[in-house]
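Novice: sharing a model that was predicted from the sequence below.
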Amino acid sequence: MGKADFHMHTSLNDGTATVREVLDYARDHTDLDVIAITDHDRLTGSLEARELSGGYPFEIFTGAEITTLHGHLLALFIDRPVPMWRPLDWTIGKIHEQGGLAIAVHPFSMLTRSIGFRSFDGIMKHHSAEIYFDAVETFNPSVAGRTCAAKIQRLNRARFHLPEVGCSDSHHLQGIGTGYTTFPGSTAAELKMAIVANQTAALGEYWDLRTHRRIAQLKFQRIGRNWARLGRSAVRAVVG
């Protein structure tokens, strides 16, 4: 079985490590077969990772975490940016137009921008055959993911029956691979097929309070560096 982590962030966005540092850490400290960098509302880091992919033992594909009017949505296997602050169904349609996958991440969480139950259920009942979730993230090791895990697992297995994926949602190096998806095969193409065929499993280990405290320290350190270098606009980019 292959292992994939395709929800992580870099210092080009609100993460604390560069693209190269993320790739080096994944190589040296994980056994992942497939990864994707999914910074918020931009493909810059994802495309840079793909350009740097030579020499790494895992496959890299593109993606982004899109901020919709109804919460965050993971867009995988896309090559063109998808505008932020648009309706959820519109955003899903644009992802599918590119042949990408639309995945609901940390749904129902009150601790970060997340798709709520009414919006989620609305997509599940949508009249268009092109508007649907390809999967739902049922394991996310952050506190935002942990607080909603039991609810989404229960609802998905009893009602929605979507493919389940796990990811780290990591904003720091040590988090990479702490949440992951297993699938038959070892390539990005096989991962995509496994999600479509509902052949994935969501696994991982939750972060403790010490890890969350360390993440907060790293973010504040980065805010300080950005303030000194670029001013207030850079700080807004990190905390937004």
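Specialist: Good, I have the coordinates. Computed from a prediction, not measured in an experiment: that's the story for all the values here. Residues are numbered from 1 along each chain as shown.
Novice: residue 5 bridge partners, please.
Specialist: Under DSSP bridges, the beta-bridge partners of residue 5 are residue 35.
Novice: count the neighbours of it for me.
Specialist: 28 (other Cβ atoms under 10 Å). Backbone N, C-alpha and C define where each C-beta goes, glycine included.
Novice: for it, what are its contacts?
Specialist: Applying Cβ atoms under 8 Å, 6 or more residues apart in numbering, we find residue 5 in contact with 26, 30, 32, 34-35, 167-168, 170, 176-177, 179-181.
Novice: can you do 7 Å?
Specialist: 32, 35, 167-168, 176-177, 179-180 (Cβ atoms under 7 Å, 6 or more residues apart in numbering).
Novice: and stretch 12-26, what's buried?
Specialist: Judged by neighbour count using 16 or more other Cβ atoms under 10 Å, the buried positions of stretch 12-26 are 12-17, 19, 22-23, 25-26.
Novice: okay, how far is it across it, tip to tip?
Specialist: 18 Å (Cα to Cα, to the nearest Å).
Novice: who touches that stretch?
Specialist: With Cβ under 7 Å, 6+ apart, stretch 12-26 has contacts from 8-11, 32, 35, 37, 39-40, 42, 44-45, 48-49, 52, 56, 58, 171-173, 176-177, 218-219, 222, 238.
Novice: quick check on those residues: which are buried?
Specialist: Looks like the contacts of stretch 12-26 have 8-11, 32, 35, 37, 39-40, 42, 45, 48-49, 58, 171-173, 176-177, 218-219, 222, 238 buried, using 16+ other Cβ under 10 Å.
Novice: among these, which are in strands?
Specialist: Using DSSP state E, residue 35 are the members of the buried ones among the contacts of stretch 12-26 that sit in strands.
Novice: do a quick rundown of the helices in the protein.
Specialist: 19-29, 44-51, 88-97, 117-124, 143-155, 188-196, 209-230, 232-239 (DSSP state H).
Novice: of all these, which lies closest to residue 203?
Specialist: Taking Cβ to Cβ, helix 143-155 is the member of those nearest to residue 203, at 12.1 Å.
Novice: same question for the closest one, mean pLDDT?
Specialist: Average pLDDT, helix 143-155: 93.
Novice: now the angle from it to helix 117-124?
Specialist: Angle of helix 143-155 versus helix 117-124, following axes from the mean of the first three to the mean of the last three Cα atoms, to 10 degrees, is 50 degrees.
Novice: distance of residue 148 relative to residue 167?
Specialist: Applying Cβ to Cβ, to the nearest Å, the value for residue 148 to residue 167 is 14 Å.
Novice: typo on my end, it should be residue 145
Specialist: 9 Å.
Novice: next one: residue 89
Specialist: 23 Å.
Novice: do residue 207 as well
Specialist: Applying Cβ to Cβ, the value for residue 207 to residue 167 is 13 Å.
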